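*Asks:* structure here, sequence nowhere to be found:
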């Protein structure tokens, strides 16, 4: 019984500490999209269970997704809740979403994008693989006659991928073997790229982990 009470106390203490990390920092999110539109302003199809973490090691499990129209990471405290929140855009807050982590854009990285956030998929001592959500917007088209309907605005968000090798500039990658091989200038990597059959971001991460272990 004593052990049970101790575990309960530790769980409550951890929960309070996690909430204190966010106390006073959360701001209410207000949608900025038009009343009528097609597609989605978000990159993720649904809210994803992730972890908000700061540079001091404090963390909190939250639901999150990236809105490309407002260039923000939107947060939800509970699945059933309709209330949405934001945190201030500061460099020491990270949004971990499983395969990637949203981070505030750092001018020193010279990422070829003007967004506030980028998604870090992998970072090693010799390579850095990131993604930048790009918004494709088709504006609303007014009906030309009374017999037609307005065409609503359409949102589409896709991830553009960039890779930096040995501290070089980020270059956009399209997962084609020949293009990826040319970034490494290494015969062994060229053979490995061909064997791996890269089709998605996870494959590039596997490729980079292999590269990091090469001597």
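*Replies:* Sure thing, it's come through. Bear in mind the structure is a predicted one, so any value in this text is a computation, not a measurement.

*Asks:* just name the shakiest helix or strand of this structure by mean pLDDT.
*Replies:* With mean pLDDT, DSSP states H and E as the measure, the helix or strand of the chain carrying the lowest mean pLDDT is helix 2-22 (a mean of 42).

*Asks:* next SSE after that helix?
*Replies:* Remark: after helix 2-22, the chain's next helix or strand is strand 27-28, criterion DSSP states H and E.

*Asks:* other residues contacting that next one?
*Replies:* 83, 84, 85, 86, 87, 88 (C-beta atoms under 8 Å, 6 or more residues apart in numbering). From N, CA and C alone the C-beta is placed, and that goes for glycine too.

*Asks:* what's the answer for stretch 172-189, then?
*Replies:* Applying C-beta under 8 Å, 6+ apart, the set of residues contacting stretch 172-189 is 112, 160-163, 165, 171, 190, 193-194, 198-200, 203-204, 207, 210-211, 214.

*Asks:* burial of the closest residue to residue 204 other than its chain neighbours, as a residue count?
*Replies:* Nearest in space to residue 204, with sequence neighbours left out and distances taken as C-beta to C-beta, 6 or more residues apart in numbering, is residue 129 at 5.7 Å. Residues within reach of residue 129, counting by other C-beta atoms under 10 Å, total 23.

*Asks:* tell me which element residue 129 falls in.
*Replies:* Using DSSP H and E, residue 129 falls in strand 127-138.

*Asks:* strands paired with that strand, and their directions?
*Replies:* strand 117-123 (antiparallel), strand 153-165 (antiparallel) (DSSP bridges).

*Asks:* now do the same end-to-end measure for stretch 177-192.
*Replies:* Start-to-end span of stretch 177-192 (C-alpha to C-alpha, to the nearest Å) is 10 Å.

*Asks:* what stretches of this protein score poorly on pLDDT?
*Replies:* 1-21, 34-36, 138-152 (pLDDT under 70).

*Asks:* check contacts around the nearest residue to residue 132 once chain neighbours are set aside.
*Replies:* Spatial nearest neighbour of residue 132, chain neighbours left out: residue 113 (4.2 Å); criterion: C-beta to C-beta, 6+ apart. Residue 113 sits next to 105, 132, 134, 160 when contact means C-beta under 8 Å, 6+ apart.

*Asks:* among those residues, which one has the most neighbours?
*Replies:* Going by other C-beta under 10 Å, residue 132 tops the contacts of residue 113 with 21 neighbours.

*Asks:* helices along this protein, start to end?
*Replies:* 2-22, 177-184, 187-196, 201-212 (DSSP state H).
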